[in-house]
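Colleague: need a 3D model of the sequence below.
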Amino acid sequence: MNIDSLKFFLSTEQKCSYLENHVSASVFVDPEGEMSTALYSILINHGFRRSANYVYRPHCPECNACKPTRIPVKLFSATRSQKRVWNRNKDITVSEAKAEYNEEHFELYKKYVHTRHEEGEMNHEDPHRYFEFLNSEWCKTAFYEFRLEGKLVAVAVTDILSQGLSALYTFFDPEYEKRSLGSYAILWQIEKSIKLNKPYLYLGYWIKECKKMQYKTKFKPIQIWQNDEWIQIKED
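Modeller: Numbering: from 1, shown residues only. Alright, predicted model coming up:
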């Protein structure tokens, strides 16, 4: 199956989760159609994103604030602050776990969302919904465990694609706030992309007006998908 044979649909409009007084909608790939890591690798290069088995791209009626982002990893240059984060976490070990439900992961996830995203759409209390949101039947996905002296402190759920890694979702122990584990996970995934000889790390969507997403533009250079092409942006 190739991309030309895919069917696309438009979702109904709903309240935007990120911008007040906005409505959102998405164009999504037919969930009944055949999908694969290879096809998704093409689609993500055109601004699409995965959630569970669904592949979508924002298609809002009144704005185009959501910008797909990616880091060309071999061009990445860490700031002084990012270098400090990297050095601060040298005592953390990272290993890959199987892409299957893990109770230890779920307990850390609940602790994270209750602190950071209690009212957000990612707050899945049900174990089945939690794992369904992160995993996919057709995509190659890794659950990278970050441990400090054996204790699980973070999990980075990462899709492994043809031309890069896609940072799907990262959750971490809020008790270790001073370690900046979210930033460290991105830095680690940049290094992992380089080791795998994959040129890009995809970070999902970025909205300039959304404060929660401003961390993404601190990883430079960063590119956004705009007007059917990837362009580099400059953000402080």
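Colleague: element containing the most centrally placed residue in the chain, please.
Modeller: In the chain, the residue lying closest to the centroid (CA atoms, centre = their mean) is Leu168, at 2.9 Å. Applying DSSP states H and E as the criterion places Leu168 in strand 164-172.
Colleague: list the contacts of that strand.
Modeller: Residues outside strand 164-172 that contact it (CB atoms under 8 Å, 6 or more residues apart in numbering) are 44, 50, 70, 73, 108-109, 112-113, 122, 133-134, 141, 146, 153-159, 181-182, 185-186, 189, 192-193, 196, 198-204. For the C-beta atoms, the positions are set from N, CA and C on the backbone; glycine is no exception.
Colleague: could you rerun that using 7 Å?
Modeller: 44, 50, 70, 108-109, 112, 134, 153-159, 181-182, 185-186, 189, 192-193, 198-204 (CB atoms under 7 Å, 6 or more residues apart in numbering).
Colleague: domain parsing for this structure?
Modeller: Domain assignment for the chain by automatic domain parsing gives 3-67, 69-233.
Colleague: contact partners for Gln232?
Modeller: Pro221, Gln223.
Colleague: where's it, which helix or strand?
Modeller: strand 229-233.
Colleague: now that strand: buried residues?
Modeller: Neighbour-count burial for strand 229-233 flags Trp230 (criterion: 16 or more other CB atoms under 10 Å).
Colleague: extract the CA atoms of that strand and return them as CSV.
Modeller: Provided in CSV are the C-alpha atoms of strand 229-233 (Å, rounded to 0.1, in the frame of the first residue of the first chain):
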residue,chain,number,x,y,z
GLU,A,229,7.9,22.7,3.3
TRP,A,230,10.2,22.4,6.3
ILE,A,231,11.7,25.8,7.3
GLN,A,232,14.1,26.7,10.1
ILE,A,233,12.8,29.2,12.6
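Colleague: helices or strands next to the next helix or strand after the strand holding Leu168 in the packing?
Modeller: Scanning forward in sequence from strand 164-172 by DSSP H and E, the next helix or strand is helix 181-195. Other elements packing on helix 181-195 under the criterion 3 or more CB pairs under 7 Å, 6 or more residues apart in numbering; DSSP states H and E are helix 80-88, strand 151-160, strand 164-172, strand 200-206.
Colleague: as JSON lines, those with distance to Trp230 would be great.
Modeller: Formatted as JSON lines, the helices and strands packed on helix 181-195 follow (distance: least, CB to CB, whole Å):
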{"stretch": "helix 80-88", "distance to Trp230": "22"}
{"stretch": "strand 151-160", "distance to Trp230": "18"}
{"stretch": "strand 164-172", "distance to Trp230": "12"}
{"stretch": "strand 200-206", "distance to Trp230": "9"}
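Colleague: looking at these, which is nearest to Asp228?
Modeller: strand 200-206 (16.4 Å; CB to CB).
Colleague: any weak-confidence spans in this structure?
Modeller: 1-2, 117-124, 235-236 (pLDDT under 70).
Colleague: how much space between Gln189 and Thr170?
Modeller: 9 Å (CB to CB, to the nearest Å).
Colleague: what do these two both touch?
Modeller: By CB under 7 Å, 6+ apart, the residues touching both Gln189 and Thr170 are Ala156.
Colleague: tell me which of the two has more neighbours.
Modeller: Gln189 (25 against 21; other CB atoms under 10 Å).
Colleague: hang on, the earlier thing: neighbouring strands for the strand holding Leu168, and are they parallel or not?
Modeller: Looking at strand 164-172 with DSSP bridges, its partner strands are strand 151-160 (antiparallel), strand 200-206 (parallel).
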